[in-house]
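K.L.:
3D, please:
(one chain, ligands or ions: 1)
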Amino acid sequence: MAEETDPTVRTVVRFDVRMTRHLLPDGTPVGTLPDFARDPAELERLYRAMVLTRAFDEKAVALQRTGRLGTFASSLGQEAVSVGLAAAMRAEDILVPSFREQGAQLWRGVSATEIFLFWGGDERGSDFAGPRQDFPVCIPVASQFPHAVGAALALKLRGEPRVAVCVAGDGATSKGDFYEALNIAGAWAVPAVFVIADNQWAISVRRQAQTAAGTLAQKAVAAGIPGEQVDGNDVVAVRAVVARAVERARLGEGPSLVEAITYRLADHTTADDARRYRDPAEVSEHWKEEPVARLRNHLIALGAWTREDEERALEDSQRLVAEAAEAYLATPPAPATAMFDHLYETLPAALAAQRAEALAQEASHG
Ligand SMILES: Cc1ncc(C[n+]2csc(CCOP(=O)(O)OP(=O)(O)O)c2C)c(N)n1
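P.N.:
Purely as a prediction, here's the structure:
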């Protein structure tokens, strides 16, 4: 060690990064499970939510492939991050999601129809009836971090015991918005939890290619806040770790960063072909760790899940997303003026003129 040989140098800080896992890839539990995970009914709820998320993704990709949905970002393989973090929140907390959190949105009560509308380019899909306080899907990478800090600061100033939970990908932690937000969140001790869905890829850029940091969790160290890893394919662990961070924030102890290690099994979006930059053998390897089979295996081992349960869960999910897709496809298009209508209290003159023009064109073209 340098300080042992050099009297002019001493170590002033060291840090550890913890990694939590409760279920092994084959579903075998390790150690003592958290209380909620000892209730098979609670595990079943998490399982069904992951199955629904997968069914939603499958339907969305099918709709896009047949020209009935815009570009879509699947969460295949990442269902445990999305569902686990949502299950760790209370209804009154605030979700500030990225574009791959349909699992969390569905859990929190955004309807599948609304999510289809959003990806169909219809902003009414962001005006969800359910969790009104949650933020719409965030497409600009990392911009949700400062938004979450702003929301969390508001909660703190109002003295409300609520928490903002922000989700982004690994690539987002390479952006300035991330560092700025984390820094000020730490300085102001706001009630925010930053969850990184570390799916190893930012489109075609590997996590290792865009940071020399050994973990993304350690990026919390510089902000003076706790940072830890969790097995992001283990929904029990995600829920437990995020719940701890959320409760910490709720008690006024400040923000945390959680890096959930997972893998993007699908293309980045429907506009991408991942075979151009990653080896299909790598993807096959990661299928062995995926979250849905992991929890299913655990439920089967507990005697809490049968082949009939599985068939019914799949049918229920597929029916729900099929009905939601029908409702989405039957929704009449928004008026051409919609894009002007929710931007300003009073529309500036130049935009008012454009709105009038859009209205006139719509009237003439039908
Ligand atoms: C500010 C900004 N720059 C670039 C893009 C284009 N873009 C969309 S997704 C993406 C990569 C995101 O990677 P990551 O944060 O790891 O999330 P993941 O897609 O893996 O969930 C990029 C560069 C964007 N949406 N916003």
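K.L.:
What backbone torsions are found at Thr346?
P.N.:
Backbone torsions for Thr346, taken as degrees, to the nearest 10, come to phi -120, psi 120.
K.L.:
and it, what pLDDT?
P.N.:
For Thr346, the pLDDT comes out at 95.
K.L.:
neighbours of it, just the number please.
P.N.:
6 (other C-beta atoms under 10 Å). Any C-beta I mention is one placed from the backbone N, CA and C, and that applies to glycine too.
K.L.:
So it versus the ligand, what's the distance?
P.N.:
From Thr346 across to the ligand, the span is 29 Å (C-beta to the nearest ligand atom, to the nearest Å).
K.L.:
Can you give me every residue that contacts that residue?
P.N.:
If you count contacts by C-beta atoms under 8 Å, 6 or more residues apart in numbering, Thr346 has none.
K.L.:
Please apply the same query to the one 5 residues further on.
P.N.:
For Leu351, the contacting residues are Phe340, Leu343, Tyr344, by C-beta under 8 Å, 6+ apart.
K.L.:
you'd agree Leu63 is up against Glu326?
P.N.:
No - Leu63 is beyond contact range of Glu326, at 10.9 Å (criterion: C-beta atoms under 8 Å).
K.L.:
Compare these two and say which one has the larger neighbour count.
P.N.:
Leu63 (21 against 12).
K.L.:
need the contact list for that one.
P.N.:
Counted by C-beta under 8 Å, 6+ apart, Leu63 has contacts Leu69, Phe72, Phe116, Ala325.
K.L.:
about what we covered before: just the contacts of Leu351: which are in helices?
P.N.:
In this view, these have no member that belongs to helices under DSSP state H.
K.L.:
any chance of those in a markdown table, plus distance to Arg312?
P.N.:
A markdown table is the format used below for those (distance: C-beta to C-beta, whole Å):
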| residue | distance to Arg312 |
| --- | --- |
| Phe340 | 46 |
| Leu343 | 45 |
| Tyr344 | 49 |
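K.L.:
Now that we have the residues you listed, which of them are buried?
P.N.:
Phe340 (16 or more other C-beta atoms under 10 Å).
K.L.:
Nearest to the ligand among the contacts of Leu351?
P.N.:
The ligand has its nearest neighbour among those in Leu343, at 20.1 Å by C-beta to the nearest ligand atom.
K.L.:
mind checking pLDDT for the residue nearest to that closest one when sequence neighbours are not counted?
P.N.:
Of all residues not flanking Leu343 in the chain, Leu351 sits nearest, at 7.5 Å (C-beta to C-beta, 6 or more residues apart in numbering). What the model reports for Leu351 is a pLDDT of 97.
K.L.:
element containing Leu351?
P.N.:
helix 349-365 (DSSP states H and E).
K.L.:
What are the buried residues along that helix?
P.N.:
So, applying 16+ other C-beta under 10 Å, buried residues of helix 349-365: Arg355, Ala358.
K.L.:
before we move on, what about stretch 305-321?
P.N.:
Those would be Trp305, Asp309, Ala313, Ser317, Gln318, Leu320, Val321, for stretch 305-321 by 16+ other C-beta under 10 Å.
K.L.:
Stretch 90-106 too?
P.N.:
Buried residues in stretch 90-106 (16+ other C-beta under 10 Å): 93-106.
K.L.:
Show me which of the residues you listed is closest to Glu285.
P.N.:
Arg100 (21.0 Å; C-beta to C-beta).
K.L.:
would you turn the buried residues of stretch 90-106 into CSV with pLDDT?
P.N.:
CSV is the format used below for the buried residues of stretch 90-106 (pLDDT from 0 to 100):
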residue, pLDDT
Asp93, 98
Ile94, 98
Leu95, 98
Val96, 98
Pro97, 98
Ser98, 98
Phe99, 98
Arg100, 98
Glu101, 98
Gln102, 98
Gly103, 98
Ala104, 98
Gln105, 98
Leu106, 98
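K.L.:
Could I get the contacting residues of Ala249?
P.N.:
Contacts of Ala249 (C-beta under 8 Å, 6+ apart): Ala152, Val163, Val190, Pro191, Ala192, Val193, Pro255, Ser256.
K.L.:
again, 10 Å this time
P.N.:
Counting by C-beta atoms under 10 Å, 6 or more residues apart in numbering, Ala249 touches 93, 152, 155-156, 161-165, 185, 189-193, 255-256.
K.L.:
now the helices for the protein?
P.N.:
2-5, 40-65, 79-87, 102-108, 112-119, 144-158, 176-188, 207-210, 235-250, 280-287, 291-302, 307-329, 349-365.
K.L.:
Quick check: pLDDT value at the closest residue to Glu290 other than its chain neighbours.
P.N.:
Closest residue to Glu290 apart from its sequence neighbours, by C-beta to C-beta, 6+ apart: Gly77 at 5.4 Å. pLDDT recorded at Gly77 is 98.
K.L.:
what about Gly77, how many neighbours?
P.N.:
24.
K.L.:
Equivalent analysis for Ser204, please.
P.N.:
If we define neighbours as other C-beta under 10 Å, then Ser204 has 13 of them.
K.L.:
My guess is it contacts Tyr277. True?
P.N.:
Yes - using C-beta atoms under 10 Å, Ser204 is in contact with Tyr277, at 4.0 Å.
K.L.:
anything in contact with each of the two?
P.N.:
Counting by C-beta under 10 Å, 6+ apart, the residues touching both Ser204 and Tyr277 are His268.
K.L.:
residues in the stretch 151-300 of the chain within reach of the ligand, list them.
P.N.:
Near the ligand, the residues belonging to the stretch 151-300 of the chain are Ala168, Gly169, Asp170, Gly171, Ala172, Ala197, Asn199, Trp201, Ala202, Ile203, Arg264, His268 when assessed by C-beta under 6 Å from any ligand atom.
K.L.:
Show me where this structure dips below the pLDDT cut-off.
P.N.:
The chain contains residues with pLDDT under 70 at 1-3, 366.
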